[in-house]
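K.L.:
One predicted model, sequence on top.
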Amino acid sequence: MAFKDFRDYLDSLERQGMLVRVTKEVSPRFEIAAGIRKVSDTNGPTLLFENVAGHPGWRVAGGLFATPRLMAFALQTEENEDKLMKRYLELGQQLIKPVLVSSGPVKEVIMKGNDVDLTKLPVPTYCEHDAGPFLTAGVEIGRHPITGIQNVSIHRRKILTKDKTGLWLPPMGDLILMLQAAEEQKQNLGIATAIGVHPALTIASALKAPTGVDEMEIAGAIRGEPFEVVKCETIDVQVPADAEIIIEGVIVPGERVTDAPFGEFPGNYISLNNYITSGWDRPFDAYVVKVTAITMRKDAIFHAMLTGMPLTENHCLIRWSTAAGIYRVITRILPSPEDIHEVNATVSGGGHLDVIIGIHKRVEATARNIIHAVLATVGLVVRVVVVDEDIDVYDPVQVEWAIATRVRPDRDIIIIPPVAAQPEAAVNMPTDMYKWGIDATAPLTKEPWLYKKAIPPGVDKVDYI
Ligand SMILES: [Mn+2]
């Protein structure tokens, strides 16, 4: 990947005509988010806001990953759903360890203790009913207190006070494991938020990397060279030396806060509670982080990222990762790659909840094997639809046609009893999820043509219109 760091990536986007500078004054409250929403809906470009009300001197970049075109540029591949999924199959195959250096641009400004003031950062408020401003584009970096292995992931962080934030953690993530280990060791867990990082790190942080794999090593391989990391000032975590901003903090033991409402990736404010067996309208409480230091560049660029109604940035960061993970699960059932046609983690499911799988079916019950395997192993997938290879999994009309014409509801709709949202769910929290599948493949029959699309032959030969 030919980009040096976050701001060099912005320059690269600008040279390609994929970044627009916004000189008009915008408020961090809704106006930055509205711009990102618009570029998400109109196929780009990325935005660099140069005039943010109440934050003179600050610039805010947003919409870096808002469209498949921008993702294809970040990953240096073609803008094609299947190509992007195949590119994601490659990620994580190689690792390059970070290199510790003594200092870097992110140490140009250092604020500790009473100097820490999060309200000075131009943190946006995103959707209409959000509870306040949230950090959304920082990558959260933690270090396991026993193994010393770091983890990189993205989580929402509500600004609570000038030196406290919320930290919403999914109950099945690697950071929870670290937190449990720290509690057993009677230690506090330090956490660093890196804002404005090389795009490879943002992309790697959204992968479903196995526990114990440092996403920074995956990002190093994507980038093609090791990340240079520096030690934090106040916690035992190593962070990218070329980041724009680092927020250092400690998770406050035992303290919880309600950080809702927040417009999350499913596209509403109730998040996953529809599918979770308990806590229907009670959002999980967030952890609380006491910020111990902020280090940054002199002219730091803040990074904003929108979620909410698909399709926008975090869906683009997750969709092909989900699809690639499912592809790997299916290879256990359909060992021949030509039998796996395509996998679409749909836009409407936000890249997590809903999956369409196209297969070449040789055995009648195969689709059911796939439905059960995917629902049992891929955390947040709520619905799996399996279709034959003549259906374009990316075309909702074709998928609906297969459901309308090839499904016998008493036989082909599978509702499974609640399962853990993630098989390795580590914590005793309400994460059991209702899930279902639809076998929309045509039955194997001696007369397969009966189920085929009824189309006149020779449409491709019509040359008079
Ligand atoms: Mn991880």
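P.N.:
Arrived safely, thanks for sending. Numbering: from 1, shown residues only.
K.L.:
contacting residues around the residue in the chain that the ion sits nearest to?
P.N.:
Nearest residue of the chain to the ion (CB to the ion) works out as D174 at 3.8 Å. For every residue, glycine as well, the C-beta is placed using N, CA and C. In this structure, D174 makes contact with 142, 151, 153, 211, judged by CB atoms under 8 Å, 6 or more residues apart in numbering.
K.L.:
What subset of these is buried?
P.N.:
Buried members of the contacts of D174, counted by 16 or more other CB atoms under 10 Å: 142, 151, 153.
K.L.:
elements contacting the helix or strand harbouring the first one?
P.N.:
Using DSSP states H and E, the element containing G142 is strand 139-143. Strand 139-143 makes packing contacts with strand 150-153, helix 174-184, strand 190-195, helix 199-205, strand 238-240 when contacts are defined by 3 or more CB pairs under 8 Å, 6 or more residues apart in numbering; DSSP states H and E.
K.L.:
Can you add mean pLDDT and distance to H129 and give these back as TSV?
P.N.:
What follows is the helices and strands packed on strand 139-143, written out as TSV (pLDDT from 0 to 100; distance: least, CB to CB, whole Å):
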stretch	mean pLDDT	distance to H129
strand 150-153	97	25
helix 174-184	90	26
strand 190-195	98	24
helix 199-205	98	26
strand 238-240	98	33
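K.L.:
closest to H372 out of these?
P.N.:
Distances from H372 to each of the helices and strands packed on strand 139-143 were compared using CB to CB; the minimum, 25.9 Å, belongs to helix 174-184.
K.L.:
Run through the contacts of D174 and flag the ones next to the ion.
P.N.:
On the criterion CB under 5 Å from the ion, N151 are the entries of the contacts of D174 that sit beside the ion.
K.L.:
now the contacts of D174 in TSV, with distance to R362?
P.N.:
Output for the contacts of D174, formatted as TSV (distance: CB to CB, whole Å):
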residue	distance to R362
G142	45
N151	40
S153	39
T211	35
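K.L.:
Just name the closest of the contacts of D174 to F265, please.
P.N.:
Relative to F265, the closest of those is S153; by CB to CB it sits at 13.9 Å.
K.L.:
tell me how far stretch 149-157 is from the chain's mean position?
P.N.:
A distance of 11 Å separates the C-alpha centroid of stretch 149-157 from that of its chain, computed with CA atoms, centre = their mean, to the nearest Å.
K.L.:
Check the separation of the first and last residues in it.
P.N.:
Distance across stretch 149-157, first residue to last, is 23 Å (CA to CA, to the nearest Å).
K.L.:
Also stretch 216-231?
P.N.:
Stretch 216-231 stretches 15 Å from its first residue to its last (CA to CA).
K.L.:
ok, now stretch 117-126?
P.N.:
Taking CA to CA, the span from the opening residue of stretch 117-126 to its closing residue is 21 Å.
K.L.:
May I see the buried residues of that stretch?
P.N.:
Buried positions in stretch 117-126, judged by neighbour count with 16+ other CB under 10 Å: 118, 121-126.
K.L.:
Make CSV from those residues and add pLDDT and distance to the ion to it.
P.N.:
Putting the buried residues of stretch 117-126 into CSV (pLDDT from 0 to 100; distance: CB to the ion, whole Å) gives the following:
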residue, pLDDT, distance to the ion
L118, 98, 26
L121, 98, 26
P122, 98, 29
V123, 98, 25
P124, 98, 26
T125, 98, 29
Y126, 98, 25
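K.L.:
does any bit of stretch 374-386 sit next to the ion?
P.N.:
No: judged by CB under 5 Å from the ion, stretch 374-386 stays clear of the ion, getting no closer than 12.7 Å.
K.L.:
now for the longest helix along the chain, which elements pack on it?
P.N.:
Longest among the helix segments of the chain by residue count, using DSSP state H, is helix 313-330. The helices and strands touching helix 313-330, judged by 3+ CB pairs under 8 Å, 6+ apart, are helix 68-74, helix 81-90, strand 340-345, strand 354-359, helix 366-377.
K.L.:
Return the set of buried residues in the last one.
P.N.:
Spelled out, that is helix 366-377. Across helix 366-377, burial judged by 16+ other CB under 10 Å covers 366-368, 370-375, 377.
K.L.:
Given the longest strand that the chain contains, what are its sheet partners and their directions?
P.N.:
For the chain, the strand reaching the highest residue count under DSSP state E is reported as strand 245-257. Neighbouring strands of strand 245-257 in its sheet, by DSSP bridges, are strand 190-195 (antiparallel), strand 286-296 (antiparallel).
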